[in-house]
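[1] I would like the atomic coordinates for the input below:
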Amino acid sequence: MSSSPWVALPTEQRDAVRAAHDAVVGERRDAEGVRRLIRESWERSVGFRVDPDRLSPDVELSDEELRAYRDAHPLSAALPSLHRLLIRHAFDAGLIIAVGDQAGRLLWIDGDRALRRRAESMGFVEGADWSERAVGTSAPGTALTLDHGIQIAGAEHFGRVVHPWSCTAVPVHEPGSGALVGVIDITGGEDAVAPATLPLIEAAVAAVEAELRIRRLDEVVAPVRRAPAPVVRPVLHVLGRDDGRLDHGRDSTELTRRHAEILTLLAWHRQGLSAERLAELLYGRDDAVVTLRAEMVRLRRELPDPLAPESRPYRLPRPLELDVSRVLGFLERGAHKVALGSYPGPLLPQSDAPGIVAIREELRGVIREAMLADASVDTLLEYARSDDAADDLDVWQACLRLLPARSPKRALVVARIERIEREFGRASEPVQRTATSPQPPRS
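    Numbers count the residues shown, from 1 in each chain. Got it, this is the predicted structure:
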């Protein structure tokens with residue numbers, strides 16, 4: 001292994017890392033061939049309940065809030081220096097430069113345009129939370145967690161969607177206090193973890209910190225300008241879960257299924273709901289108001305005061321973002337792959353509350369129609385393999401129509417169509433299934 005625990009392993013040693021990832025992350029057993037600090041980061045990621053197969057980095061700030069936050073952040077003053085030292089060279093080198101805040105939120109991303117578009121498919125976008133708590137092991141989040149520059153290559157990332165990528169990141173400190181103020185990251189292919197990359201970023205960070213120090217001296221005795229605390233948007237996670245989790249700032253509250261149902265309904269119906277209407281959506285009858293009120297008392301005890309529902313009508317005191325709404329937002333913007341990656345499964349799948357069932361089915365329908373209408377063939381195939389579409393004949397037939405004539409994937413798709421027809425007794429629409437069948441152009 002390399003003499004430094006902070007740098008990436010040589011390429012020839014990375015097969016062992018891939019095997020170790022499957023063992024440690026997938027099977028929860030010990031394995032050799034991985035750096036200790038990477039293994040420890042994986043263990044933290046497991047503790048944060050990050051799903052290695054479906055990363056969905058939080059984007060907590062609106063575009064307007066992100067602009068205001070970036071303008072006020074100390075690192076905004078260092079962007080010209082970063083452009084001169086790093087960013088302008090990233091275009092020629094086929095790399096991406098990302099600048100994040102002290103919490104792991106990506107504030108600025110620049111560099112190779114094609115690479116940026118590819119990175120967007122895994123949620124590596126401005127405003128996204130790439131802390132360890134959100135996405136597991138990655139250079140920006142792990143560098144901040146360990147407060148040290150680090151290289152992370154391929155399968156050392158916790159999320160499997162990030163395995164084709166490598167990255168190097170170094171934290172930035174505030175002059176005087178030494179507090180973390182942000183992180184600078186280079187992301188790309190093998191060049192992103194070349195031996196010279198870590199010293200290069202460390203030199204750039206030293207220049208940035210020196211510039212911040214000079215600006216501090218220029219302000220004489222005025223305090224260092226600090227980044228204001230970002231607007232905290234509570235996020236309710238209810239997709240693919242039998243219960244709920246409410247993230248608010250750096251804290252999380254685990255919710256029972258009933259409490260998750262209540263908050264989901266109130267977040268969905270932002271104008272508020274009468275006690276009778278909420279009881280009907282929750283219990284299927286409007287005469288369960290007494291039961292509902294007792295449940296609301298218990299819910300209020302579980303939540304911080306600023307988040308506790310108000311009454312007459314029942315409503316939330318502040319906006320609560322549903323992970324459901326995030327998926328819908330990605331679909332509206334045409335980001336089908338990101339939307340699918342943000343959809344770990346149906347809304348509270350074990351819930352039989354009428355209001356939850358209605359939202360669950362509406363979301364399923366919207367996703368299905370969007371995928372059939374506009375998704376690329378690779379994204380449509382990924383959707384077809386999900387639990388929601390595994391036996392959906394229309395979806396599999398659409399995959400067959402979109403696949404190139406000589407694609408090796410056609411045989412598997414045909415086999416799935418024939419199995420669905422056999423098991424469910426549905427007749428398939430006429431379609432050429434041979435490897436030489438012509439394919440219609442994609443509109």
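[2] which stretches of the stretch 1-150 of the chain form helices?
    14-21, 36-47, 63-72, 79-82, 88-93, 113-120, 132-135, 139-146 (DSSP state H, counting those that start in this stretch).
[3] Quick one: distance of the second one to the chain centre.
    What it means is helix 36-47. Helix 36-47 has its average C-alpha position 18 Å from the chain's average C-alpha position, going by C-alpha atoms, centre = their mean, to the nearest Å.
[4] Can you tell me which of the helices of the stretch 1-150 of the chain is nearest to residue 263?
    helix 132-135 (20.4 Å; C-beta to C-beta). All C-beta atoms are positioned from the backbone trio N, CA, C, and that covers glycine.
[5] could you give the mean pLDDT of the closest one?
    What helix 132-135 shows for mean pLDDT is 93.
[6] That one - contacts with which helices or strands?
    Packing partners of helix 132-135 (3 or more C-beta pairs under 8 Å, 6 or more residues apart in numbering; DSSP states H and E): helix 36-47, helix 139-146.
[7] Who are the packing partners of the longest one?
    For helix 36-47, the helices and strands in contact under the criterion 3+ C-beta pairs under 8 Å, 6+ apart are helix 14-21, helix 132-135, helix 139-146.
[8] Report all helices and strands that the last one contacts.
    Using 3+ C-beta pairs under 8 Å, 6+ apart as the contact criterion, the elements in contact with helix 139-146 are helix 36-47, strand 96-101, helix 132-135, strand 150-153, strand 166-173, strand 180-188.
[9] Figure out which of those is closest to residue 334.
    Nearest to residue 334, of the helices and strands packed on helix 139-146 and by C-beta to C-beta, is strand 96-101 at 21.4 Å.
[10] Could you list the residues in contact with the closest one?
    69, 73, 75, 79, 82, 86-87, 90, 106-112, 115-116, 119, 124, 130, 140, 144, 181-188, 227, 230 (C-beta atoms under 8 Å, 6 or more residues apart in numbering).
[11] State the paired neighbours of that strand in the sheet, together with their directions.
    strand 106-111 (antiparallel), strand 180-188 (antiparallel) (DSSP bridges).
[12] Pick the most buried one from the ones you listed.
    Ranked by mean neighbour count under mean count of other C-beta atoms under 10 Å, these are led by strand 180-188, which reaches a mean of 26.
[13] which element follows that strand toward the C-terminus?
    helix 197-218 (DSSP states H and E).
[14] What is the distance between whichever helix or strand comes after that following helix and the centre of its chain?
    Sequence order places strand 235-237 as the next helix or strand after helix 197-218, per DSSP H and E. Its chain's average C-alpha position is 13 Å from that of strand 235-237, according to C-alpha atoms, centre = their mean.
[15] in strand 235-237, what's buried?
    For strand 235-237, the neighbour count (16 or more other C-beta atoms under 10 Å) marks 235-237 as buried.
[16] need these in CSV with distance to residue 198, can you?
    Listed next are the buried residues of strand 235-237 as CSV, based on distance: C-beta to C-beta, whole Å:
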residue, distance to residue 198
235, 33
236, 39
237, 35
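[17] ok so, going back, of the helices and strands packed on helix 36-47, give the one that comes closest to residue 410.
    helix 14-21 (28.5 Å).
[18] now for that closest one, which elements pack on it?
    helix 36-47.
[19] Recalculate using a threshold of 6 Å.
    Contact partners of helix 14-21 among helices and strands, from 3 or more C-beta pairs under 6 Å, 6 or more residues apart in numbering; DSSP states H and E: none.
[20] Quick check: buried residues in that helix?
    Quick answer for helix 14-21 (16+ other C-beta under 10 Å): 14, 17-18, 20-21.
[21] Would you mind writing the CA trace of it as CSV?
    Extracted in CSV, the C-alpha atoms of helix 14-21 (Å, rounded to 0.1, in the frame of the first residue of the first chain):
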residue,chain,number,x,y,z
ARG,A,14,-8.1,-1.4,-6.5
ASP,A,15,-9.6,-4.8,-7.4
ALA,A,16,-9.3,-5.7,-3.8
VAL,A,17,-11.1,-2.5,-2.8
ARG,A,18,-14.1,-3.5,-5.1
ALA,A,19,-14.3,-6.9,-3.4
ALA,A,20,-14.0,-5.3,0.0
HIS,A,21,-16.8,-2.9,-0.8
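[22] can you give me the offset of that helix from its chain's centre?
    On C-alpha atoms, centre = their mean, the centre of helix 14-21 falls 23 Å from that of its chain.
[23] Just the residues contacting that helix, thanks.
    Outside helix 14-21, the residues within contact range by C-beta atoms under 6 Å, 6 or more residues apart in numbering are 31, 33-34, 154-156.
[24] Out of the residues you listed, grab the one that's most surrounded.
    Among the contacts of helix 14-21, residue 156 has the most neighbours (other C-beta atoms under 10 Å), with 31 neighbours.
[25] pLDDT at that residue, what is it?
    94.
[26] can you pull the contacts of it?
    17, 38.
[27] Could you pull up phi and psi at it?
    Note on residue 156: its backbone torsions stand at phi -70, psi -20 [degrees, to the nearest 10].
[28] Check which residues of stretch 101-120 are buried.
    Here stretch 101-120 shows 101-112, 115-116, 119-120 as buried, counting by 16+ other C-beta under 10 Å.
[29] hang on, the earlier thing: quick one, which of the buried residues of helix 14-21 has the minimum pLDDT?
    Minimum pLDDT across the buried residues of helix 14-21 falls on residue 14, with 78.
[30] From residue 349, how far out is it?
    37 Å (C-beta to C-beta, to the nearest Å).
[31] do residue 28 as well
    Applying C-beta to C-beta to residue 28 and residue 349 gives a distance of 23 Å.
[32] With residue 416 instead?
    Distance from residue 416 to residue 349, by C-beta to C-beta: 23 Å.
[33] Residue 206 too?
    Applying C-beta to C-beta to residue 206 and residue 349 gives a distance of 51 Å.
[34] Please apply the same query to residue 313.
    For residue 313 relative to residue 349 (C-beta to C-beta), the value is 28 Å.
[35] picking up where we left off before, between residue 28 and residue 349, which is the more surrounded one?
    Looking at residue 28 and residue 349 with other C-beta under 10 Å, you find the greater number of neighbours at residue 349, namely 14 against 9.
[36] And what about the more buried one, helix, strand or coil?
    What DSSP: H, G, I helix; E, B strand; the rest coil gives for residue 349 is coil.
[37] pLDDT score for residue 437?
    34.
[38] just residue 257 next, same as before
    96.
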